[in-house]
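Visitor: quick one, fold the following:
(2 chains)
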Amino acid sequence: MESNNDEPRRLDGRTVSGLQQALREQAIRAMNRGGRSHHGRGGGRHRGRPPGLRGREIGMFYRQRAMEREQQEELESFVLLQPEIIVKVQKMLSEYDSASTSTFRSEFENYFKSIRSTSFEQNMKEKLLESCVEQDDRLDEKMMIEYDEMMDNLKFQENMITREKLPVNTKKEEILNAIASNQVVLISGDTGCGKTTQVPQYVLDSYLSSGKASLCKIFCTQPRRISAITVAERVAWERAQHLGESVGYQIRLQSVLPHERGSITYCTTGILLKRLESDPLLNGISHIFLDEVHERDVNTDVVMGLLKEIISHRPDLKVILMSATFNTSTFSAYFNNCTNIEVQGTLFPVTEFYLEDVLEETKFANFPEEVQRKRPKWEKYRNKYKQSDSLDDYTSFIEPYARSVQDKYSKFVIEGIKNPNSEKINVDLLTALIFHISFNKPAGAILVFLPGYEAISKLHTSITNSKFYSAEKFKVYALHSMMPTADQKSVFSRPPENVRKVIISTNIAETSITIDDVVYVINSGKSKMTNYNPETKLQTLEEVWTTLANNKQRRGRAGRVQPGICYHLFTRAREFTMDALPTPEILRTRLESVILNLKMLRIHDVAQFLRKLVSVPDDSVVQTSIALLKRLNALDEREFITPLGLHLARLPIDPQIGKMILLAALFKCVDPITSVAANLSFKDPFYRPLGKEKLVDDIRVKFSKDTKSDHLMAANVITEYREEKRKGNERSFCYDNFLSISTLNQLEKMKGQFTDLLMEARFLESSDPTDPKNNYNSSNLDLLRSIISAGLYPNVAKVRRVKICKRRVDPRMDIITPEDGRVSFHPSSINSKQTGFEYKFFAYFMKQKSTAIYLFDTTMINPRALLIFGDGEGAGFDQLGNHFILLGDSFRFRTNRVSAEVILKLREKFDELLQKKAINPGPVDPESEDALLLGAITEVLNAGRFSGHPDYSSDEGNVM
DNA sequence: GGGTTAGGGT
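Guide: This next block holds a predicted model:
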């Protein structure tokens, strides 16, 4: 076509380095190919391999070479625009070019500049001038009268009798004195000591009774939404008041706020964190209680770090940390060795037994003898020595212990614990123990802690299939966050006499769900944990040994109503090897959201701030997260927050999903995309009841219709739910389709929150997600999928092959991502059951490695959308005259000159538009030049299914 | 050949 160009040339007008890099690689590849073919023809028996290789090395060489070839080829695709589209779009673009200008919206500019130029400290100093709580004599008098009335209330007095029996009451004066004379105080106490409900009241009442209530405003954070509500309700009840008087709560999208002054507000840690963004000095707040700090969730750790800075600017602010009784020295040390007041718990004593005791008592001895693992031969060969090592490890670890206790236990017990398989979860042993307790021990519910869904399912089947089981004598519950039982009240109810209640649970019953009548706990000693590997940049889900802290918490669940028994299904020897505490969450997770929020707080050197936290995250994780934020254009090269970043930080969702809903506002497809965003940032509305897994999968496929998208499937669910609700039919709709009403309602509320915020930021004219003005393009399926991919980018996978397998229901697939190599659609993804994809590319949000690297949620994507909304520094043409565009740094699209020009121009102009909209937020005026650009993009996307060149058609076309 | 611990967002 354009034969006058012998030199590679830029098509997108950006820096040249990426192009040069790409060309260099291209040249190297070409050389390699040439080299191989030369050897292939002339080298005879060596077929291109270097001389001197022997035995296994030869095999390894060919394997390696085949893998490299395959990877390189499979990352290449084709894209071509048809001529009439090119002409049309070029015309639109030339009109756009002449019209486009941009300016800051003035009030936003000031705000933005202040965020970039002010430091955290400066900001606090400025805010200090505005903030000064003054005592209000009239208010004090009024509240003192109310206080006296409350004290006269009989109900209050009656409740006071119970309150005074709580262990924390013995330390009331000590606590009040400590808080009065210290800025930071740590109160530690175990379950039932009353610290959460009582201590804030002690403080409030001391202000009320001394006539200074107008100076008292207490916030108490909780890690979970439910606990914020239930604690607030309890405290209001103790005071013989309704919520909203001196006690209230605030969680996301739901609050009953108490009086402005002289009050206690229980809120989630996230609420406090969000408040700090605009109110770093916590204006008007006199006391901050941070509860459950020992749980070490990300939010609590970050808030602790911030409070440490804030207290020097707010000498009148009191901080009270509350924790369980382990690890308290860490928190005390963190706050300059602050006073620690320890309170006893009220739990009943719990007797502990270990695996060896359980074997003795149940006479169980059937551990499998063989180390039976099906493995490919080569892996077995490679791991031969390693495996016997681990067997030796176990022997050397258990032998000394077994010898030390051999006189106390039967021979079969000693032999049993010497078998490494005794440490695996054994459903037969669990079943035997449960029936043993049921038939031999006094009444009381049995709570079994298992690592996850699969173990719960197996044990449930084993119990209900046993000859000892009968529906009249047993009530068996499975408890898991995805099972409906977790939302129902029945699991809390006490069974009739002579009926044994058995609850099989994940660690949801460790903290989130409390069942009072439990007397027996069976602790498998295993739990699942996500981890983040900075090297592979992969999130993993692994089964791990519990920690001593977990064991203590699980054990405590047996002693709430009477003395209890805890059976640990591991030996005392194993207990010695267990960690004291779980790894704090901030060391196990990616940090994009945290970093962006810190930037909002005007903390520019986030790495330095993070180094001052109780636990310091790995610097490489910080750098990876910063790199992604830069790639999203939320941070600039100098790591300053950009106007776009500022909008994303204000939204209560991950930055990638925030970008998705911002694009939805611009492209007018708000209803479906806010559904997608809510679903990704909250949770799946589908239950997975035991034994109904396949049924639920089928229903999901049904809801996905022809979208080839888990994301749009969820959007369809919400739309249909709304329709059924309008007809008053939502209950049966949810029941029939295994949907959670409460989750769906929360998703609807979240959608409203998103549109409220988008309207506040001026990206929308209507805050109703379903308003037609917000949804001109909501039925354009290809556009919806494109917006999803634009948000989720660079999370892209490519399907190489789909095969229908006779012996299986689901097709087999061969999928890759550039970063990970082979990956799989998770079986719960609707795309794991589909064939006949029109495009090979898929966007995903969650990727997690367990038994394989799974993509949990996927949407099939038109590659044109990726090219327009994605990034990549290389484009040009190679020696053979083939034009190409690089997507990211791996996917390569062969194309022709005009197609490349048009696509890259659209990409460039769209980036500009987004930046322009970020500094001057507003809906796209349908009459404006911006609408022209969006129209041009829509035009290209809509024409995507056509492919004009016979050589290229296979790549944009069907995959089977 | 193939399956998810638990939380959180003015």
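
Visitor: and the closest residue in space to residue A:792 that isn't next to it in sequence, which of the three is it?
Guide: Leaving aside its sequence neighbours, residue A:792 sits nearest to residue A:843 (CB to CB, 6 or more residues apart in numbering; 4.3 Å). C-betas here are computed from N, CA, C, even on glycine. What DSSP: H, G, I helix; E, B strand; the rest coil gives for residue A:843 is strand.

Visitor: residues contacting residue A:843?
Guide: For residue A:843, the contact set (CB atoms under 8 Å, 6 or more residues apart in numbering) comprises A:785, A:788-789, A:792-793, A:795-797, A:858-859, A:861.

Visitor: how about those residues in TSV, adding neighbour count, pLDDT and distance to DNA strand B?
Guide: What follows is the contacts of residue A:843, written out as TSV (neighbours: other CB atoms under 10 Å; pLDDT from 0 to 100; distance: CB to the nearest atom of the strand, whole Å):
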residue	neighbour count	pLDDT	distance to DNA strand B
A:785	25	94	20
A:788	34	96	17
A:789	28	95	20
A:792	26	95	15
A:793	22	93	18
A:795	19	94	16
A:796	22	94	18
A:797	24	94	12
A:858	28	96	11
A:859	27	96	15
A:861	30	93	19
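
Visitor: in helices, which of the residues you listed fall?
Guide: Secondary structure assignment (DSSP state H) places A:785, A:788-789, A:792 from these within helices.

Visitor: wait, which of the residues you listed is closest to residue A:94?
Guide: Checking these against residue A:94 by CB to CB gives residue A:789 as the nearest, at 27.3 Å.

Visitor: pull the contacting residues for that closest one.
Guide: When contacts are counted by CB under 8 Å, 6+ apart, residue A:789 touches A:796, A:841, A:843, A:859, A:861, A:865-866, A:869.

Visitor: from residue A:277, how far off is residue A:269?
Guide: When distances are taken as CB to CB, to the nearest Å, residue A:269 and residue A:277 turn out to be 14 Å apart.

Visitor: what's the neighbour count on the closest residue to DNA strand B within the stretch 551-700 of chain A?
Guide: Minimum separation of the stretch 551-700 of chain A from DNA strand B (CB to the nearest atom of the strand) falls at residue A:652, amounting to 3.6 Å. For residue A:652, the count of nearby residues is 16 (other CB atoms under 10 Å).

Visitor: who has more neighbours, residue A:269 and residue A:277?
Guide: The neighbour comparison of residue A:269 against residue A:277 (other CB under 10 Å) goes to residue A:269, with 25 against 14.

Visitor: list the contacts for the residue of the stretch 551-700 of chain A closest to DNA strand B?
Guide: Contacts were defined as CB under 8 Å, 6+ apart; by that measure residue A:652 touches A:252, A:270, A:274, A:681, A:753, A:757.

Visitor: which SS class is it?
Guide: On the three-state scheme (three-state DSSP), residue A:652 is labelled coil.

Visitor: and residue A:250, by the same measure?
Guide: With three-state DSSP as the basis, the three-state label of residue A:250 is strand.

Visitor: need the pLDDT of the residue of the stretch 551-700 of chain A closest to DNA strand B.
Guide: The pLDDT attached to residue A:652 in the predicted structure is 92.

Visitor: how near is it to residue A:750?
Guide: When residue A:652 is compared with residue A:750 (using CB to CB), they lie 8 Å apart.

Visitor: overlap in contacts of those two?
Guide: Residues touching both residue A:652 and residue A:750 comprise residue A:681, with contact defined as CB under 8 Å, 6+ apart.

Visitor: show me the contacts for the residue nearest in space to the middle of chain A.
Guide: Central residue check for chain A by CA atoms, centre = their mean: the C-alpha nearest the mean position is that of residue A:681, 7.6 Å away. For residue A:681, the contacting residues are A:652-654, A:657, A:750, taking CB under 8 Å, 6+ apart as the criterion.

Visitor: neighbour-wise, give me the winner out of the residues you listed.
Guide: The most neighbours of any of those, using other CB under 10 Å, belong to residue A:657, which has 24 neighbours.

Visitor: just to revisit the earlier point, out of the contacts of residue A:652, the closest to residue A:616 would be?
Guide: Comparing the contacts of residue A:652 against residue A:616 with CB to CB picks out residue A:270 as the nearest, at 21.9 Å.

Visitor: gap between the residue lying closest to the closest one once chain neighbours are set aside and DNA strand B?
Guide: Computed as CB to CB, 6+ apart, the closest residue to residue A:270 that is not its neighbour in sequence is residue A:299, at 5.5 Å. Here the distance between residue A:299 and DNA strand B works out to 6 Å (CB to the nearest atom of the strand, to the nearest Å).

Visitor: go on, residue A:763?
Guide: Separation of residue A:763 from DNA strand B (CB to the nearest atom of the strand): 16 Å.

Visitor: likewise for residue A:229?
Guide: According to CB to the nearest atom of the strand, residue A:229 stands 10 Å off from DNA strand B.

Visitor: what are the ranges of the helices in the stretch 751-900 of chain A?
Guide: For the stretch 751-900 of chain A, helices defined by DSSP state H, counting those that start in this stretch occupy the ranges A:781-792, A:863-869, A:897-919.

Visitor: residues making contact with the second one?
Guide: Just to be clear, that refers to helix A:863-869. Helix A:863-869 is contacted by residues A:77, A:79, A:81, A:663, A:782, A:785-786, A:789-790, A:793, A:796, A:839-841, A:885, A:887, A:891, A:893, A:903, A:906-907, A:910, A:937, A:940-941, A:944, A:956 when judged by CB under 8 Å, 6+ apart.

Visitor: what about it, distance to the chain center?
Guide: Counting by CA atoms, centre = their mean, to the nearest Å, helix A:863-869 is centred 27 Å from the centre of its parent chain.

Visitor: for residue A:500, what are its contacts?
Guide: Here residue A:500 is in contact with A:438, A:443, A:445-446, A:473-475 (criterion: CB under 8 Å, 6+ apart).

Visitor: go again with 10 Å.
Guide: With contacts defined as CB atoms under 10 Å, 6 or more residues apart in numbering, residue A:500 is in contact with A:434-435, A:437-439, A:441, A:443-446, A:473-476, A:520.
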